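Student: Quick one, structure for this:
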Amino acid sequence: KRLKIFDPNTGAMVTRIKTRGPVQSGAVLCDSVIYFGVGPFQNELVAYGSPSAKTLWTRQIKDVAGGPILWKNRLIIGASDRTLRAVDRDDGHDLWSIELSGRPTAPPSLAGDLIVQPTDDGKVYGIQPDSGRVQFEVDLGHPLVSAAACGELIWVTDINGGVHALDPTDGRIVWQKSIG
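Tutor: Model (predicted):
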């Protein structure tokens, strides 16, 4: 029930944060505020001020999947209730929320100004971070493990060892290969 913070240059532990439950997600640090998910009973997204050593706000979100990412002044969060949402990082209020067909299997990632979210039902979504508008939804046929942007493509992996390269403008499959 503690989150440990380490200096990235030296590896030395800087501080420990006592949490109200097990930390269940990755953490993001921005402007001396750490954002992370706590569960399974609290089901909270927490904003913790590192210099003040205080919880700034909490927000009920069921099982944060993987961890939040930052885009401008927004935290983008996938949750096990099959939602992807953007919350204001200053106070945690919803800016938008969309329902997904499956549960997120990894944290969302950014491909330029597009959020990419893989799910356990084999679909990957491309979502506009400012509005939550779905730009594309592609069914790749198997539960997905990860999605990341590199170069001009979005790379998605599935549970059966499939690698899929997608065009970030429309989600079109550029190529696919099984390596598993």
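Student: which stretches of this structure aren't confidently modelled?
Tutor: 40-41, 51 (pLDDT under 70).
Student: Contacts only, for the spatially most central residue of the chain.
Tutor: For the chain, the residue nearest the mean C-alpha position is P107 (3.0 Å; CA atoms, centre = their mean). P107 makes contact with S25, G26, A65, G66, G67, P68, I69, G78 under the criterion CB atoms under 8 Å, 6 or more residues apart in numbering. Every C-beta, even on glycine, is put in place using the N, C-alpha and C of the backbone.
Student: tell me the contacts of V87?
Tutor: Counting by CB under 8 Å, 6+ apart, V87 touches L45, R59, R74, L75, I77, H93, D94, L95.
Student: Kindly apply the preceding question to V14 instead.
Tutor: Counted by CB under 8 Å, 6+ apart, V14 has contacts I5, F6, D7.
Student: Pull up the pairing partners for the helix or strand that contains it, direction included.
Tutor: Assigned by DSSP states H and E, V14 belongs to strand 13-18. The strands beside strand 13-18 in its sheet (DSSP bridges) come out as strand 2-6 (antiparallel).
Student: from the chain's centre, how far out does the strand it pairs with sit?
Tutor: 19 Å (CA atoms, centre = their mean, to the nearest Å).
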